[in-house]
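Enquirer: Fold the following.
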Amino acid sequence: MPKTVRTMCPMNCHPTLCGMEVTLDDGGAVAITGDVTNPDSEGFLCMRGKAAHEIVGNSRRLLQPVTRARRGSEAWEVTSWDAALDRIAGHMQAVGREAVGFWQGHGNWGNDYAFGLKRAQMDRFANLYGCQVWNPAMICWGLGAFGLGLTGAIETSTKEDLSAQSEMVILWGANTVSQANTLRHVEIAKRRGARVVVIDVRRTEASALADEVLLLRPGTDTALALAMMQVILAEGLWDQAFVAEHTVGFAELSDHLADKTPDWAAVQTGLPGAQIAALARRYAASPAAMIVLGGSSVHKGENTWQAARAIGCLPALTGNFGRPGGGIGPRHGGRSHGVGFVDISAADRRPPGRYVPNQMEAILEALESGAVKVLFTLGSNLLSSFPDTARTKAALAKAELVIAHDIFPNQTIREAADIVLPSTIWLEEIGAKSTNTHVHLCDRILPAAGAARPVHEIYIGLAERLGVADAYPWPDQEAAVNAVLDHPATGHATVESLRAGGGRAALKVSHVAYPTKAFTTPSGKIEFVSNRAAQMGLPALPEAPDTSEEAGLILAHGRTFAHFHSFFDHARALPTLAAREAAPALWIAPADAEARGIADGAEVEMHNARGAFVAEAKVTPRIPAGVVWIRDGWPGLNALTDASAVLPEAALTTFPFSVGQSHYGARVELRPLTADGGDGAA
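Expert: As a prediction, the model looks like this:
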């Protein structure tokens, strides 16, 4: 008899995760449909979720532990888990605990996101053992969270609040292709009469919903936000009562904004000054205006953390924080007011040591110097996600042992790993996921394929070999899930209570962020002026970066419907998603293409002093002149991007989410290639 179970999509488009029904027939085949009973997605499932059935039985899956015959070789030898763990533990003992590092990516959270169990189990082992461990938020939303955190606006309102209450929705660098379920709620709000504005560097898919689209020069979002604030202040449109009671530094901000006029911002952004002023007026006049801020792409390049810092000030000036339909809307990594889970990371038991900070450049330097000799990559892909690929590859080559745990091969596994351990997929292990409003059980419904094992068994095996006490104090992973769930926000849910409740429980949260107007700053208020920033050597007030003209085109990058982080070898392992994007497509404006002799569909080389990358030109008026755009994650693309640090080390311990994402900026030039790879100009 076929068996149908409810679970959650493994793609982790947090905070708008989708529920799915998985049907197993008698022959073991899997069919997937949207779960109409799921209160978060109500049956919606985007193309990534619909393609998830292709994970099961996929011929490209890693199913046996293997070791590379020798560095530089493509020959692999099958080994056993015990032999692999013996070798790894022996090497860890030989180099010492401080020379061991753990890096976990989003690919390790196919059955556990926002809930935090797998991340906490990695941290627990690393803390009790006393080795290096780094926060994976630096690859994603960390810089945005840092900017919002300095301002005091880290909480987010829910998609349900957006669709029910918002009168204006600004999708600021948020194409929502990585949160397709959010876009559904934007559609609901628009049908209700809400005005939708898109601010981006190209006409995205979300632009089809917009009443107004503003295409600005990459890296100038801070300038746009400052100019909007200048108009609001100059025309007396701010909420004086909210500003007086719930903010600090208004006078300093007012002085700071005096010359940040729309005409000033027009030079920075490329937008007409009149359009900037009109947007500011509409935003200030809206009775409930919500900003949905984009994820990692917004904070790459010149924006860094300052864009989020400035954008987070806008709802405070207009009194939108704590207002239904206002404030900051759902974004990747954002959490609702009141959400929480039990911390099992044992951070208070971490021994003293020389620890490498949560800074991308610091990780590379530690590998280069030999300070880190053994590196675990868990569901991650450093070579495609870290900037300056050539430097990253050279740094990995200096490590004595690189271990990867994953479902499919990826660039890092193919080019740098010494030992590869096969991971279970989301249907082969128990876990849980949380959205902004619910926690959902992700039960085990398939046996592990081949010799695949869940990641916590690595910690158990290493702890036994290294004598790390209490690294896994639970009898099984179900008990570990229960330990993290035992929190007031979940109603002290358990696996059994979730099963009894249809696989989910409502979180005890507010749909509106900051309902009490108590903000996450030392003052408890929104801080237009941040003394914390000043103490770190950073600007106390939000400042636009210097975007003086440099030679070349600005490279911008982001995500698409077929791709999200480096899951499943950047979706190359799943036929449906791979077919959607068969090759890298580089968006370029018609004027820029004509000036370089580039035709639509032509093969082009994008290059700068760091490296080169070949893509197919997509000549389109949907991107402004001076900018090119490409989906991130293509192997070799990050050879072009800047790996320099953005935050000083003093900033990396300010918040739990303080992380040092690299700059990622790039100026590039293009040249057409002939069919044989030669210079098309010949």
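
Enquirer: How confident was the prediction at the residue nearest to E543 when sequence neighbours are not counted?
Expert: Sequence neighbours aside, Q306 is the residue nearest to E543 in space, at 6.2 Å (criterion: C-beta to C-beta, 6 or more residues apart in numbering). Where you see a C-beta, it was placed from the backbone N, CA and C, and this is true even at glycine. Note on Q306: pLDDT of 95.

Enquirer: who's in contact with Q306?
Expert: By C-beta atoms under 8 Å, 6 or more residues apart in numbering, Q306 lies in contact with 147, 222, 539, 542-545.

Enquirer: try 10 Å
Expert: By C-beta atoms under 10 Å, 6 or more residues apart in numbering, the residues touching Q306 are 143, 146-147, 150, 219, 221-223, 225-226, 299, 538-539, 542-545, 646.

Enquirer: Could you list the low-pLDDT ranges of the protein?
Expert: Counting by pLDDT under 70, the low-confidence segments of the chain come to 14-15, 177-178, 549, 564, 656-657, 674-682.

Enquirer: for it, which residue is closest to the average position?
Expert: Centroid-nearest residue in the chain: C140, 3.0 Å away (criterion: C-alpha atoms, centre = their mean).

Enquirer: Pretty sure it sits against G105.
Expert: Yes: look at C140 against G105 with C-beta atoms under 10 Å: they come within range, at 9.2 Å.

Enquirer: backbone phi and psi for the residue nearest to E543, please?
Expert: Note on Q306: backbone dihedrals following degrees, to the nearest 10 are phi -70, psi -30.

Enquirer: Relative to V481, how far out is it?
Expert: Distance, Q306 to V481, by C-beta to C-beta, to the nearest Å: 39 Å.

Enquirer: So which residues of the stretch 151-300 of the chain form helices?
Expert: Here the stretch 151-300 of the chain has its helices, by DSSP state H, counting those that start in this stretch, at 159-165, 180-192, 221-234, 240-246, 250-256, 262-269, 273-285.

Enquirer: Out of these, flag the one nearest P672.
Expert: Nearest to P672, of all these, is helix 262-269, at 30.0 Å by C-beta to C-beta.

Enquirer: What helices and strands are in contact with that closest one?
Expert: Judged by 3 or more C-beta pairs under 10 Å, 6 or more residues apart in numbering; DSSP states H and E, the packing partners of helix 262-269 are helix 221-234, helix 273-285.

Enquirer: Go through the longest strand along the chain and flag the buried ones.
Expert: Selection of the longest strand in the chain by residue count, based on DSSP state E, yields strand 612-619. Buried residues in strand 612-619, defined by neighbour count with 16 or more other C-beta atoms under 10 Å: 613-615, 617-619.

Enquirer: out of the residues you listed, which one sits closest to H438?
Expert: Set against H438, the nearest of the buried residues of strand 612-619 by C-beta to C-beta is K618 (38.8 Å).

Enquirer: if I read this right, G19 contacts T37, doesn't it?
Expert: Yes: here G19 reaches T37: they are 7.5 Å apart, a contact under C-beta under 10 Å.

Enquirer: got any residues that touch both of those two?
Expert: Taking C-beta under 10 Å, 6+ apart as the criterion, G19 and T37 both touch 6, 43, 503-504.

Enquirer: Just among those residues, which is most surrounded?
Expert: Among these, the one with the most neighbours (other C-beta atoms under 10 Å) is R504, at 26 neighbours.

Enquirer: Nearest spatial neighbour of it, chain-adjacent residues omitted?
Expert: Going by C-beta to C-beta, 6+ apart, R504 has H440 as its nearest residue, at 4.7 Å.

Enquirer: neighbouring strands for whichever helix or strand comes after the longest strand of the chain, and are they parallel or not?
Expert: Downstream of strand 612-619, the next assigned helix or strand under DSSP states H and E is strand 627-631. Strand pairing for strand 627-631, using DSSP bridges, gives strand 553-558 (parallel), strand 585-588 (antiparallel).

Enquirer: any chance of these in a markdown table, plus mean neighbour count and distance to A75?
Expert: Listed next are the strands paired with strand 627-631 as a markdown table, based on neighbours: other C-beta atoms under 10 Å; distance: least, C-beta to C-beta, whole Å:
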| stretch | mean neighbour count | distance to A75 |
| --- | --- | --- |
| strand 553-558 | 23 | 34 |
| strand 585-588 | 23 | 34 |
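
Enquirer: can you put these in a markdown table and add distance to G431?
Expert: Shown next, in a markdown table, are the strands paired with strand 627-631 (distance: least, C-beta to C-beta, whole Å):
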| stretch | distance to G431 |
| --- | --- |
| strand 553-558 | 28 |
| strand 585-588 | 34 |
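
Enquirer: Any idea how far apart the tips of stretch 319-335 sit?
Expert: Using C-alpha to C-alpha, to the nearest Å, the end-to-end distance of stretch 319-335 comes to 20 Å.

Enquirer: Against H440, how distant is P330?
Expert: From P330 to H440 the distance is 16 Å (C-beta to C-beta).

Enquirer: Neighbour count: the two, which is higher?
Expert: More crowded of P330 and H440, by other C-beta under 10 Å: P330, with 29 against 24.
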